[in-house]
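1. curious how this folds, go ahead:
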Amino acid sequence: MIGISRRKLLIGFGAVAASSLVPAFAFNLQAIMPPVRMVRTNGINMAVYEAGSGPAVVLLHGFPGLAFTWRHQIPALVAAGYRVIVPDLRGYGLTDTPTNIESYDIAHLTGDVAGLLDALDIKKAVFIGHDWGGLLAWQMALLHEARVAGVVSANTPFTPHWTLWLHPDIVGPALPNGKTFLADPSIDPIVQMREVYSPEMYVLKFQNDKTADTIMNRDPRATLRSSMRKDLMTSAEWGNLPTVVTHMEYYGQPLPDQLPGQSVLNEQELDFYGKHFERTGFTPAINWYRNLSRNWKAGLDVDQTIHVPSLMISAANDVVLRPSMADGMDPYVKDLERCVIDDCWHWTPEEKPQEFNRLITSWLKRRFPS
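-> Below you'll find the predicted structure:
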């Protein structure tokens, strides 16, 4: 063991231990993802996939995702000269899944990521996030600005004080004709959402009890297959559909016999996601939503200005996180570039990997050259 540092030795043991936790699948995971190892951060064990060298880039997946979400981006970023760090976030995949809801508030989630940088001896990183990962990346820039070199968000615009689901562009179709609603950042967003949406709206349904969890956990593969879809309606068509659609009554609902659109995932990819969520269930991931009121309250006195260089990548056909929702970001995000990927719905890194990779590598090379 002469010449091997204690840290490297522990990392080696962690990688061996983590590899024994990975379920067996029909395809070779090692050919798709870098080796996984466990990193101790903020009181939990986090599964981390890492490859490459150069400026650090941390990829943050969304709901319901995994580090595996970024399988198409990792080789592109490594080839472009970056050190790529991809965790299963708290409550997901091989990372620990604490049982109490409060363990999934934004203080814990950002603390996990800051602690990950500490464990890897990294002062600053660029954070690239999709969906909830985008929300987390924006919050890192607010709560841990010293650790953030830049932010790239896929689909998720920055809105102050957790008012994302109260944006006029998605509230409008859910309101009766002639009614308007303007969000008040000083009022709990969940309280305001209850004024606008039906109780079955997925974010509100998650707050009420664990009915949605129970339904989703019965068949995780089917849940994922029904949610991770593309080639669907456009946002223009969406506003003319029944209330069950405009009120976003998605998760925790009976699945239709015939699913709309096309699956984003092939059968093997769907198997991979399904096996992981069979092991953890969806409750830990849903607990992120159950802290929205707590996150709002904790951030009331936090300046809602993003000072780091930022790139907003919208998907033209995402009916919830619409490109138009990024129009109001400029007063809050001081160094912002924006772009839109055509013919793309919600699952951008997996739907349009070539276009997405081209945008992120071009921006990184200009702003943070390797």
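
2. would you confirm that residue 317 contacts residue 229?
-> No - applying C-beta atoms under 8 Å as the test, residue 317 and residue 229 come out as separate, 11.3 Å apart. The C-beta positions use only the backbone N, C-alpha and C, and glycine is treated the same way.

3. more neighbours: which of those two?
-> residue 317 (24 against 18; other C-beta atoms under 10 Å).

4. residue 293 versus the residue positioned nearest the centre of the chain, what's the distance?
-> Nearest residue to the geometric centre of the chain (C-alpha atoms, centre = their mean): residue 62, 2.0 Å. Relative to residue 293, residue 62 is positioned 20 Å away (C-beta to C-beta, to the nearest Å).

5. what do you get for residue 259?
-> From residue 259 to residue 293 the distance is 33 Å (C-beta to C-beta).

6. same check on residue 155?
-> Distance, residue 155 to residue 293, using C-beta to C-beta: 23 Å.

7. and residue 154, by the same measure?
-> To residue 293, residue 154 is 26 Å away according to C-beta to C-beta.

8. looking at these two, which is more packed in?
-> Taking neighbours as other C-beta under 10 Å, residue 154 and residue 293 compare with residue 154 leading, 32 against 15.

9. give the contact list for the residue nearest to the more buried one when sequence neighbours are not counted.
-> Nearest in space to residue 154, with sequence neighbours left out and distances taken as C-beta to C-beta, 6 or more residues apart in numbering, is residue 130 at 4.1 Å. Residues near residue 130 by C-beta atoms under 8 Å, 6 or more residues apart in numbering: 60-62, 65, 69, 153-156, 347-349.

10. go again with 10 Å.
-> The contact partners of residue 130, by C-beta atoms under 10 Å, 6 or more residues apart in numbering, come to 59-63, 65, 69-70, 73, 136-137, 152-156, 313, 315, 321, 346-350, 356.

11. could you pull up phi and psi at the residue nearest to residue 290 when sequence neighbours are not counted?
-> Nearest residue to residue 290, sequence neighbours excluded (C-beta to C-beta, 6+ apart): residue 101, at 5.0 Å. When read as degrees, to the nearest 10, the backbone of residue 101 gives phi -60, psi -40.

12. my guess is residue 101 contacts residue 294. True?
-> Yes - using C-beta atoms under 10 Å, residue 101 is in contact with residue 294, at 8.8 Å.

13. what number of residues lie near residue 142?
-> 20.
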